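Enquirer: predicted structure and sequence below. I'll ask about it afterward.
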Amino acid sequence: MPWQRPRYTRIVNKLVVGNLLHRPLRAAIGVLAIAIEVVMILSIIAIMMGQLNGARNSTSGIGADMIVRPANASFLSGVSGAPVPAKIADVLAKLPHVAVASPIIANLNVSGSVETLYGIDFASFNALKPFKFLAGGTFQQPFDLIVDDFYARSDGGHHVGDKVMLMNHEFTICGIVEHGKGGRKFMPIRTLGTLMGDPGNASMFYIRSDEPKNEELIRREIHATAGLQQYQVQTLEEWLSMMTPDRMPAFRPALTTVISIAVIVGFIAIFQSMYTAIMERTREIGILKSLGASKLYIVDAVLRETALIALVGDILGLVITIGIRTFMGRRFPTLPFPMEALWTVETLLLAFAGAVLGAFYPALKAALKDPIDALAYE
């Protein structure tokens, strides 16, 4: 019987829907595999890019125009220790075009959760751009702690006077400030230096110039100062330009690896699901071919079935990811979880394409079956 073009789409779609409804568990597993792939990719991208963008945004809010680091220091905050005397800030502050010079220690803390602790000289750090206190005030004791409002809302809430364990020491929250000034937890610079074994030292220095146009003059003045010739001096714009995925060590390979694993998982799941389905429907395929169904018809039917599974899986994965984002925003407000439209669309297309590609060989195998052999299959 010749297949008529006006009826083609309707017949194929009825066949696709009928096959999925007849085997709901297999269809559900395929949908879930695609959904998990989408969730994996979107979540990993959101967490990694959230941390990177969070670091950029919070550093921009410090109020500094320039950053001064020792010669061998990494541009990544928190990984270089406190190798230089904090009193260098006094030398920098005396340069003609420097309005404020503030020493800080940035220490990556991995006990409990991964975070960067800031040790600051409150007077100079606050002079860069004043803190906006929402409760409490500045340090009164060596083990006082200032936290931002994001941290204050996390883990059930924190208030002035609460105790916090950091680096095996108990700190008391003395103030809660508006977020966006470098870190989420601030303590006196000497306290953090002592806990690290470097009392009186600093990791880097933030500088606010008297005029932005004088930044190059300040760079030359620093390099002309005895003992500071080899120091790294960057404008904030130069530092921010380095905080990109391509500049971050192992960032791009790690992201590519995770995405590749997720795509492979989705590909294998669809491949196995559709290959098994083809084997189960050998006689059905033989009947269709004996009635005049072309190879293209068989391939089209299989790929349409896969496309429907992938589409539902994409939607489910997107809904789950949005749910995760909502949960993370309420439970862990300190952890950024951005979902940009471009990443989302690319992820959905990637998962969809991987699923269709995974079904291509099973579809081709079905189309090439001999109808006589298929009808004789038990």
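Expert: Looks like it came in fine.

Enquirer: mind giving me the packing neighbours of the longest strand belonging to the chain?
Expert: Counting by DSSP state E, the longest strand found in the chain is strand 98-109. The contact analysis (3 or more CB pairs under 8 Å, 6 or more residues apart in numbering; DSSP states H and E) places strand 98-109 against helix 88-93, strand 115-120, helix 122-128, helix 189-196, strand 201-202, strand 204-209. Every residue, glycine included, has its C-beta placed from N, CA and C.

Enquirer: can you do 6 Å?
Expert: The contact analysis (3 or more CB pairs under 6 Å, 6 or more residues apart in numbering; DSSP states H and E) places strand 98-109 against helix 88-93, strand 115-120, helix 122-128, helix 189-196, strand 204-209.

Enquirer: quickly, which of those bottoms out on average pLDDT?
Expert: When the helices and strands packed on strand 98-109 are compared by mean pLDDT, strand 115-120 comes last with a mean of 88.

Enquirer: list the buried ones in stretch 351-369?
Expert: 351-352, 354-356, 358-360, 362-363, 365-367, 369 (16 or more other CB atoms under 10 Å).

Enquirer: sorry, wrong one. I was asking about stretch 93-108.
Expert: 93, 95, 97-107.

Enquirer: centre of the chain to that stretch, how far?
Expert: Chain-centre distance of stretch 93-108: 31 Å, with CA atoms, centre = their mean, to the nearest Å.

Enquirer: next: stretch 42-50.
Expert: Here stretch 42-50 is found 2 Å from its chain centre; the criterion is CA atoms, centre = their mean.

Enquirer: could you report the neighbour count for residue 275?
Expert: Residue 275 has 17 neighbours, counted by other CB atoms under 10 Å.

Enquirer: that one contacts residue 362, correct?
Expert: Yes: between residue 275 and residue 362 there is a contact at 4.4 Å, judged by CB atoms under 6 Å.

Enquirer: any idea how far residue 201 is from residue 148?
Expert: Plainly put, residue 148 is 25 Å away from residue 201 if you go by CB to CB, to the nearest Å.

Enquirer: and what of residue 342?
Expert: Distance from residue 342 to residue 201, counting by CB to CB: 43 Å.

Enquirer: go on, residue 163?
Expert: Distance from residue 163 to residue 201, by CB to CB: 27 Å.

Enquirer: can you tell me how far residue 310 sits from residue 363?
Expert: 14 Å.

Enquirer: and residue 188, by the same measure?
Expert: 67 Å.

Enquirer: before we move on, what about residue 185?
Expert: 56 Å.

Enquirer: residue 163 and residue 201: who's more crowded?
Expert: Legend: neighbour count by other CB under 10 Å for residue 163 and residue 201, higher for residue 201 (23 against 11).

Enquirer: bridge partners for residue 170, pull those for me.
Expert: Applying DSSP bridges to residue 170 gives these bridge partners: residue 165.

Enquirer: tell me how far stretch 124-142 lies from the chain's centre.
Expert: 30 Å.

Enquirer: how about that stretch, which residues are buried there?
Expert: Within stretch 124-142, judged by 16+ other CB under 10 Å, the buried ones are 124, 125, 126, 127, 128, 129, 131, 136, 138, 139.
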